[in-house]
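Asker: Structure of the sequence below:
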Amino acid sequence: MGFMDKAVVPAEDGALIDAYSQSIASAVDMVGPAVSRIERVGGRGGHGSGFAISPDGLIVTNNHVVDDARLVRITTPDGFVTEGRVLGRDVDTDIALIRANSGVGAWARLGDSKRLRRGHIAIAIGNPLGFEWTVTAGIISALGRSMRSASGRLMDDVIQTDAALNPGNSGGPLVSSNGEVIGVNTAVIQGAQSIAFAVASNTANVVVSEILRYGHVRRAFIGIAGDTIELPRKVALEAGTGQATSVRVRRVEPGGPAERGGLKDGDYILAIDGTPVGGVDDIVRLMSGERIGRDTELLVFSVAGRLERRTVLPVARS
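Answerer: Residues are numbered from 1 along each chain as shown. Below you'll find the predicted structure:
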């Protein structure tokens, strides 16, 4: 009897592998044509990735990709080259918005990052180390992470993934299996393996809207760092809410509005002015410029085990 020199994949496993491959390939076909190579024009040289979010040439990338440049060169996958100007940038979230001088063809949709779960497929598309339009895939490793931005402030609502990222991937899209952009790839930890980060799409959406409206991002600041967590059933029952997730305060800045309003480390923030808070991205969205100098009521489940209402007076974030 002869023998085979390679493993035979059972039919059911082969079907699963094929479905996984098709899922990734379909997502790449949908979003890949919207991904561009971004190069600075003037100032310090450098390049990264970006992706169009509208047919008229609005492109999202990282702030550290454009750096101090006002103009950038945009190259699409089909070889089309044009220039664009930087409409605005936000150091705190490492997001920048570019307007191309002409339409760039395909565009991608920013999805709802709040629907993500650990273990979901994550696909990164970009230009790592100059290898244009490279695709890597992995899973969502964690949600609601915080990390330091170039400004020294904490970036909240950061997605952790094990999809391989390298210099040049920055500013490219992190894509779900259904072809929606769920994050903007932003950073890797040097020396670590399978640990990379992306700014959540919901946060990017807020930043894009602010830049289009005001040219910069206005923020109300209350002085907390927090994590998106699963809301313990006991807390949900005490609060009488059907929320599955919430924000747990990890740190309260001394002397800030939150401390003056009575918030403490370990408090759960359940709602802001009656609007449920299911994650850090909700706080980012709700703490818009309109709340600066306006009394804001927070519904919290305190570390003392009580449902309480706290009033804070947000200030402008410098």
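Asker: Which single helix of this protein contains the most residues?
Answerer: With DSSP state H setting the assignment, residue counts place helix 11-31 as the longest helix in the chain.
Asker: What residues of it count as buried?
Answerer: Of the residues in helix 11-31, those buried under the neighbour-count criterion (16 or more other CB atoms under 10 Å) are Ser23, Ile24, Ala27, Val28, Met30, Val31. In short, each C-beta sits where N, CA and C put it, glycine included.
Asker: now do stretch 62-80
Answerer: Neighbour count says stretch 62-80 has 62-67, 69, 71-77 buried, by 16+ other CB under 10 Å.
Asker: Which members of those residues are positioned in strands?
Answerer: Within the buried residues of stretch 62-80, membership in strands is found for Asn62, Leu71, Val72, Arg73, Ile74, Thr75, as judged by DSSP state E.
Asker: Can you tell me which of those residues comes closest to Gly172?
Answerer: Ranked by distance to Gly172 (CB to CB), these are led by Asn62 at 8.9 Å.
Asker: That closest one pairs with what?
Answerer: Taking DSSP bridges as the rule, Asn62 bridges to Ile95.
Asker: closest to Arg310 among the ones in strands among the buried residues of stretch 62-80?
Answerer: The shortest gap between Arg310 and any of these belongs to Asn62, at 35.1 Å (CB to CB).
Asker: Now do the contacts for the closest one.
Answerer: Contacts for Asn62 (CB atoms under 8 Å, 6 or more residues apart in numbering) come out as Gly48, Asp94, Ile95, Ala96, Ser170, Gly171, Val184, Asn185, Thr186.
Asker: what would those look like in JSON lines with pLDDT, distance to Ser288 and neighbour count?
Answerer: What follows is the contacts of Asn62, written out as JSON lines (pLDDT from 0 to 100; distance: CB to CB, whole Å; neighbours: other CB atoms under 10 Å):
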{"residue": "Gly48", "pLDDT": "93", "distance to Ser288": "28", "neighbour count": "27"}
{"residue": "Asp94", "pLDDT": "92", "distance to Ser288": "19", "neighbour count": "27"}
{"residue": "Ile95", "pLDDT": "95", "distance to Ser288": "15", "neighbour count": "27"}
{"residue": "Ala96", "pLDDT": "97", "distance to Ser288": "19", "neighbour count": "30"}
{"residue": "Ser170", "pLDDT": "93", "distance to Ser288": "26", "neighbour count": "28"}
{"residue": "Gly171", "pLDDT": "95", "distance to Ser288": "24", "neighbour count": "31"}
{"residue": "Val184", "pLDDT": "97", "distance to Ser288": "20", "neighbour count": "30"}
{"residue": "Asn185", "pLDDT": "95", "distance to Ser288": "25", "neighbour count": "30"}
{"residue": "Thr186", "pLDDT": "90", "distance to Ser288": "22", "neighbour count": "28"}
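Asker: now, among the buried residues of stretch 62-80, which is nearest to Val175?
Answerer: Using CB to CB as the measure, the one of the buried residues of stretch 62-80 that approaches Val175 most closely is Pro77, at 14.6 Å.
Asker: distance of the residue positioned nearest the centre of the chain from Gly240?
Answerer: With distances taken as CA atoms, centre = their mean, Ala200 lies nearest the centre of the chain, 1.7 Å away. With the distance defined as CB to CB, to the nearest Å, Ala200 ends up 28 Å from Gly240.
Asker: Who does the nearest residue to Val28 once chain neighbours are set aside form a beta bridge with?
Answerer: Closest residue to Val28 apart from its sequence neighbours, by CB to CB, 6 or more residues apart in numbering: Val135 at 5.4 Å. Beta-bridge pairing of Val135, defined through DSSP bridges, involves Ile125.
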